[in-house]
Structure formats: C-alpha cells, structure tokens
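Participant: would you be able to build a 3D model of this:
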Amino acid sequence: MSTATIDEDSAVDQPFTGGNVLAYLPGILLLIAVGVLGKYAQIWWNALAKHQHWTVPDIEYVLWAILIGLVITNTIGLHPIFRPGVATYEFWLKIGIVALGSRFVLGDVAKLGGTSLVQILVDMTVAGAIILTVARLLGLSGKLGSLLAIGTSICGVSAIVAGKGAIRARNSDVGYAIAAILALGAVALFALPPLGHALGLSDHEFGLWAGLAVDNTAETTATGYLYSDAAGKTAVLVKSTRNALIGFVVLGFAAYWAARGEADAVAPGLRAKASFVWAKFPKFVLGFLAVSAIATLGWLTKQQTANLANVSKWAFLLTFAGVGLNTNIRELARTGWRPLVVAVIGLLTVAVVSLGLVLFTSRVLHWGVPG
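Facilitator: Numbering: from 1, shown residues only. The predicted model follows:
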C-alpha cells in the first residue's frame, strides 16, 4: 500500500509554485518514464506474441504501468527524492477526470449519475453498518471504525483525510485506515476484472461495479480501464457521483461524535452545514461537469475534443504509474490484522452488494442501460 504520508497526499492539492517545482520534478519524470515504458511494454508484448504465434491475453498498458511501478517499489524501493513528484499521481488523476468530461454529454451524466446515486446510497448504508458492527466486535476504537466505514463506503484516502479533522481522529487511526484501504484497493484492482469476465459482465455493468465497489479513485479508474475503455469511462462517472457525497457522510459522522463530546460541534443552521459540505466537496467533480456542459453545447471542435481526450489519456497514464509506485506490499503487515480484517469484510460486502445492485438494476429494471 501507499508509503506516502498524509502530508504528502495533501501536498498534491497544493499549487506548483516556483519554490517547490524542482522538488516535484524527479518523481514526475519517473511517472512519465514508467507510464511510457508500460505503453511500449504492451506494444512489445503484442508484437512478440504475434511473431511467435502465441495465443496470449492482451495485457493493457494500464496493467503494465502498474506492474512496473510495483516491481520498482517492492524491489529496489522508492528513493526519497522521487516521493514528492510520485505523490502527484492524485493530481494527474483529477486532471484526467476533468478532461474526460469532453467525452460525456450532460444527458448521459444525469441518467447514469441518477441511477448510481440510488445504488450508492443502498450500498453505503449496508456496508457502513456492517463495517461499524465488525469493528466494534473486534475491539477497534470507534473512530477507527468510523474512518474505515467512511473510506470503504465513499472515497478511500480522500474521505479518510476529510474525516480526520471533522471527528478529531488520532493520527495512528488515520494511518491504519489508509493502509488497510489502500491494501484492499490493490487487491480489488487485480481481482475484479477477471471476476467480471468470468461473470460475463458487459462493459457498462462492469464500469458500474468498479465505480461502486473500489474505494480509492485512482484504483477505481485503473480497474475500469483494465476491463475496457467504455468500462473505464463509466467507472469514472459513477465514482465521481460517489465522491460528491463525501461532505454529507463526513458531516453525519462529525455530528455523531460531536454529540458525544468527542469532536468539534458542527455549527447549527442550514448555511453552516452547507458550508461544511462545500468545504469537503471534491471540486474536480465540478470541473468534469463544466467540461461536459461545454461539450454538450457543441462549443468544442473535433480537434479540441481529441486534444482533451489525449490530455486525459496521458494524465491517466501518470496516474496508473503512480498507483504501482505507491503500492508497497511489504508494509501490509504493519497495519495489524484487526483493521485489515474489517477492511476485507468491508470490501467483500461492498463488492457483493454492489454487484447484486448492478445486476438487478441493469438486467431486471434496465436502469441506465445504453441502448
């Protein structure tokens, strides 16, 4: 799982100023190198298989970039000089999602977003209740259980970091929760695509499932694109809808702990609560919607749309490289077994419940099915 600290993660959202750009440069160059190497590894693999007349699976560049990053981090390790730049993979993810908005019309966003919202609310309620119950049975602190529930049901690391200050969680609890969530995100990344093929899921169905079941946005995006380009687009849209609920969920947990005198009270009044939700809201989702609106209105030429698509692909390439470089398998044991057990149960619950919701809504109710 990620070796980046919370401070490094939050630094991703800071602007690249003249004073710190050189600190980011080595890591960004490493992201580019791993991403490009992953792209050429896919080309080389396919050419070799064709030349040797092998029947082999087409390993997407997404997986190559992640695998190369994994090998680097878990063999020679990641030198500290690269860490600031590598930690920016979350920033490139946001750029990629915003640029991806050019490939959606608002009608599709509204249709799929409305469908996924219902699924998210059901999924979140069931998973959150089970995670909190299991955490209590295993003797975890209430706030660690809350962080695991927030991270698993909404948006992984971003949601945990957003919840940290709101519920006054200890740094150790935050570290345990982030480590467990990222460890399970790596498992989902490699497990869900084969399962999706085994179950015969369509691109649309798998995109829905990935968007609902995988916690961290970077892993969600990679999981979707490992299945197909169409599944990746759907996964990003569903996950963006899920991300938009961060503020409301964190507000609920903050109010719960404040009522017990263990967190700062949320100021009364609708305006104060709206301000709280806005402070936690992932602003890049608005960028995605803005670009989608511009594309829907026909204000982009074909060349501009193609350019934005290329920006999205390159940004995702850096993101996928970063996922591998930030996944340190050897640190898994440091999380302790109890938070990991809770996270495993949470992942399985979310995966099973969300798969059931996807199959029921798409094959029985025909919600959001393209056609």
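Participant: what residues of whichever strand or helix holds residue 291 count as buried?
Facilitator: Element membership for residue 291 (DSSP states H and E) is helix 284-296. Neighbour-count burial for helix 284-296 flags 284, 285, 287, 288, 289, 291, 292, 294, 295, 296 (criterion: 16 or more other Cβ atoms under 10 Å). Glycine gets a C-beta too; all of them are placed from N, C-alpha and C.
Participant: look at the closest residue to residue 147 other than its chain neighbours and report its pLDDT.
Facilitator: Excluding the flanking residues, the one nearest residue 147 by Cβ to Cβ, 6 or more residues apart in numbering is residue 177, at 3.9 Å. Predicted confidence (pLDDT) for residue 177: 86.
Participant: which residues touch the one helix or strand residue 160 maps to?
Facilitator: Assigned by DSSP H and E, residue 160 falls within helix 156-167. The contact list for helix 156-167 (Cβ atoms under 8 Å, 6 or more residues apart in numbering) reads 2, 6, 9-10, 90, 143, 146-147, 150-151, 169, 174, 177-178, 181-182, 185, 215-217, 219, 243, 246-247, 249-251, 253-254, 257, 262-264, 280, 282.
Participant: among the residues you listed, which are in strands?
Facilitator: Among the contacts of helix 156-167, no residue falls in strands (DSSP state E).
Participant: pull out the buried members of these.
Facilitator: The buried subset of the contacts of helix 156-167 - by 16+ other Cβ under 10 Å - is 2, 9, 90, 143, 146-147, 150-151, 169, 174, 177-178, 181-182, 185, 215-217, 219, 243, 246-247, 249-251, 253-254, 257, 263, 280, 282.
Participant: with adjacent residues omitted, what lies nearest to the most centrally placed residue in the chain?
Facilitator: Central residue of the chain (Cα atoms, centre = their mean): residue 217, 1.2 Å from the mean position. What sits nearest to residue 217 in space, not counting adjacent residues and going by Cβ to Cβ, 6+ apart, is residue 239, at 5.6 Å.
Participant: and the helix or strand harbouring that neighbour with helix 284-296, angle?
Facilitator: Using DSSP H and E, residue 239 sits within helix 229-243. In terms of direction (axes from the mean of the first three to the mean of the last three Cα atoms, to 10 degrees), helix 229-243 departs from helix 284-296 by 130 degrees.
Participant: can you show me the CA trace of helix 229-243 as CSV?
Facilitator: Taking Å, rounded to 0.1, in the frame of the first residue of the first chain, the C-alpha atoms of helix 229-243 are listed here in CSV:
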residue,chain,number,x,y,z
ASP,A,229,-12.2,1.9,-22.3
ALA,A,230,-16.0,2.0,-22.1
ALA,A,231,-16.0,0.4,-18.6
GLY,A,232,-13.3,2.9,-17.5
LYS,A,233,-15.4,5.9,-18.6
THR,A,234,-18.5,4.5,-16.7
ALA,A,235,-16.4,3.7,-13.6
VAL,A,236,-15.1,7.3,-13.5
LEU,A,237,-18.5,8.8,-13.8
VAL,A,238,-20.0,6.5,-11.1
LYS,A,239,-17.1,7.2,-8.8
SER,A,240,-17.4,10.9,-9.3
THR,A,241,-21.0,10.7,-8.2
ARG,A,242,-19.9,8.7,-5.2
ASN,A,243,-17.2,11.3,-4.4
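Participant: rounded mean pLDDT for the helix or strand where residue 271 lies, please.
Facilitator: Under the criterion of DSSP H and E, residue 271 resides in helix 270-280. Helix 270-280 shows a mean pLDDT of 88.
Participant: helices or strands up against that helix?
Facilitator: helix 246-259 (3 or more Cβ pairs under 8 Å, 6 or more residues apart in numbering; DSSP states H and E).
Participant: output the helix it packs on as CSV, restricted to C-alpha atoms.
Facilitator: This file holds the C-alpha atoms of helix 246-259, laid out as CSV (Å, rounded to 0.1, in the frame of the first residue of the first chain):
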residue,chain,number,x,y,z
ILE,A,246,-18.1,12.9,0.8
GLY,A,247,-19.2,16.1,2.5
PHE,A,248,-22.6,14.7,3.6
VAL,A,249,-21.1,11.5,5.0
VAL,A,250,-18.4,13.3,6.9
LEU,A,251,-21.0,15.7,8.3
GLY,A,252,-23.0,12.8,9.6
PHE,A,253,-20.1,11.3,11.4
ALA,A,254,-18.9,14.7,12.7
ALA,A,255,-22.4,15.3,14.2
TYR,A,256,-22.4,11.8,15.8
TRP,A,257,-19.1,12.3,17.5
ALA,A,258,-19.8,15.9,18.4
ALA,A,259,-23.0,14.7,20.2
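Participant: which other helices and strands contact that helix?
Facilitator: helix 142-150, helix 156-167, helix 270-280.
Participant: and with 10 Å instead?
Facilitator: Packed against helix 246-259 by the contact rule (3 or more Cβ pairs under 10 Å, 6 or more residues apart in numbering; DSSP states H and E) you find helix 106-137, helix 142-150, helix 156-167, helix 270-280.
Participant: any buried residues in the third one, and which?
Facilitator: The neighbour-count criterion (16+ other Cβ under 10 Å) identifies 156, 157, 158, 159, 160, 161, 162, 163, 164, 166, 167 as the buried residues of helix 156-167.
Participant: does residue 92 lie in a helix or a strand, and which?
Facilitator: With DSSP H and E as the test, residue 92 turns up in helix 89-100.
Participant: that should have said residue 346, apologies.
Facilitator: Secondary-structure assignment from DSSP H and E places residue 346 in helix 337-359.
Participant: low-confidence stretches in this structure?
Facilitator: 1-19, 56-59, 331-336, 368-371 (pLDDT under 70).
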